[in-house]
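Undergrad: Need coordinates for the following:
(one chain, ligands or ions: 2)
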Amino acid sequence: MHLQVSNVCKSFGHGTQAKLVLDQVSFDLHGGEFLALVGSSGSGKSTVMRLIAGLDRPSSGSITLDARPVRSPGSDRGMVFQKYSLYPWLTAAQNVAFGMELQQRPRNEIRERTAYFLEVVGLADAARSLPRELSGGMQQRIAIARALAAEPKVLLLDEPFGALDIQIRESMQEFLHQLWRQTGLTALLITHDLEEALLLAGQVHIMAPSPGRIVRSVTVDLERSDMARLRVSSDFLQLREDLAQSLRSLEPAGRR
Ligand SMILES: Nc1ncnc2c1ncn2[C@@H]1O[C@H](COP(=O)(O)OP(=O)(O)O)[C@@H](O)[C@H]1O
Ligand SMILES: [Mg+2]
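TA: Ligands and ions are numbered 1, 2, ... in the order given. As a prediction, this is how the structure comes out:
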């Protein structure tokens, strides 16, 4: 698996109204890696995600998945958004099965894979529940199960835990890390939360706004077996502080 984003620019509007939203964004993501794009609101993160998802096209530059240009949405990219991810009228199991039904997989395969992925995200007991009967964290786990069940080459997560309370967010970060280790999935996480990016990703690209661009890239090599300990370890806190400073220096003065 190789996702390649090369010199991508995106502007919205035309003529004098045109606004450059992404300026020469480039990065690579290979199979099994966990990559994060982190930046303040408005730095173009969701625009990058929409382009990779094939929901929109770059103004210039290219995006390829295994050397094939991305032109439209496809089941090789699994998406998880901040909210409104699940169909409220379907049960958890029906939500997980949904993408596989679009793929027209055989019935018994859908049934088996649904049970398996509900198990993977620890929600086998919630199979018959409706989304509104589940907590926000559970709903996002179902959304992740749904995305994974369709066997994407890459899981695209846009602020997946942004709407959750802090304790639930922390347990979801731990969950996502374990899932990544156990399943060997390839993930692209978009977040405004620097701590979240550093806890989860081996490669972190920091974006700045106006126009959205990558201003710093770091490889994060931390021992993650005990995430609670990692959160308060001096290595981690130092790295976070160092990068937080470079993020602050990029904010327009009025917003500091
Ligand atoms: N369809 C659109 N038309 C015009 N401007 C847009 C559109 N989508 C995004 N933008 C602008 O692009 C900038 C980046 O937005 P976005 O990618 O959502 O940032 P982020 O996800 O980092 O908060 C913002 O200034 C936003 O207003
Ligand atoms: Mg966004």
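
Undergrad: what ranges do the helices span in the stretch 101-250 of the chain?
TA: 107-120, 136-149, 166-183, 194-200, 227-232, 234-248 (DSSP state H, counting those that start in this stretch).

Undergrad: List of residues touching the shortest one?
TA: Spelled out, that is helix 227-232. Around helix 227-232, the neighbours that count as contacts under CB atoms under 8 Å, 6 or more residues apart in numbering are 170, 173-174, 177, 195, 199, 222-224, 236. C-beta here means a position set from N, CA and C on the backbone, and glycine is covered the same way.

Undergrad: which two in the residues you listed are spaced the farthest apart?
TA: Pairwise distances across the contacts of helix 227-232 peak at 17.8 Å for 170 and 223 (criterion: CB to CB).

Undergrad: Compare the helices of the stretch 101-250 of the chain and report which one is nearest to residue 213.
TA: helix 234-248 (13.3 Å).

Undergrad: from the stretch 151-256 of the chain, which residue is nearest to ligand 1?
TA: For the stretch 151-256 of the chain, the residue closest to ligand 1 is residue 212, as judged by CB to the nearest ligand atom, at 5.7 Å.

Undergrad: give the contact list for that residue.
TA: By CB under 8 Å, 6+ apart, residue 212 lies in contact with 21-23, 25, 39, 42-45, 47-48.

Undergrad: related to what we said a few turns ago, of residue 170 and residue 223, which one has the most company?
TA: Neighbour count, other CB atoms under 10 Å: between residue 170 and residue 223, residue 170 has more, with 18 against 10.

Undergrad: From residue 181, how far off is that one?
TA: Separation of residue 170 from residue 181 (CB to CB, to the nearest Å) stands at 17 Å.

Undergrad: what's the answer for residue 225, then?
TA: Distance of residue 225 to residue 181, computed by CB to CB: 9 Å.

Undergrad: of these two, who's got more company?
TA: Taking neighbours as other CB under 10 Å, residue 225 and residue 181 compare with residue 181 leading, 12 against 8.

Undergrad: Setting aside sequence neighbours, what's the nearest residue to residue 120?
TA: residue 145 (6.5 Å; CB to CB, 6 or more residues apart in numbering).

Undergrad: pretty sure the one you found contacts residue 115?
TA: No. With contact defined as CB atoms under 8 Å, residue 145 does not reach residue 115; the gap is 10.5 Å.

Undergrad: more neighbours, these two?
TA: The neighbour comparison of residue 145 against residue 115 (other CB under 10 Å) goes to residue 145, with 25 against 15.

Undergrad: what's the spatially most central residue of the chain in contact with, if anything?
TA: For the chain, the residue nearest the mean C-alpha position is residue 157 (1.9 Å; CA atoms, centre = their mean). Contacts for residue 157 (CB under 8 Å, 6+ apart) come out as 80, 144, 176, 187-190.

Undergrad: What distance do you get for residue 56 to residue 150?
TA: 21 Å.

Undergrad: likewise residue 89?
TA: 20 Å.

Undergrad: neighbour count winner among these two?
TA: Shown here are residue 89 and residue 150; by other CB under 10 Å, residue 150 has more neighbours (22 against 9).

Undergrad: any idea of the pLDDT on the more buried one?
TA: Note for residue 150: predicted pLDDT of 93.
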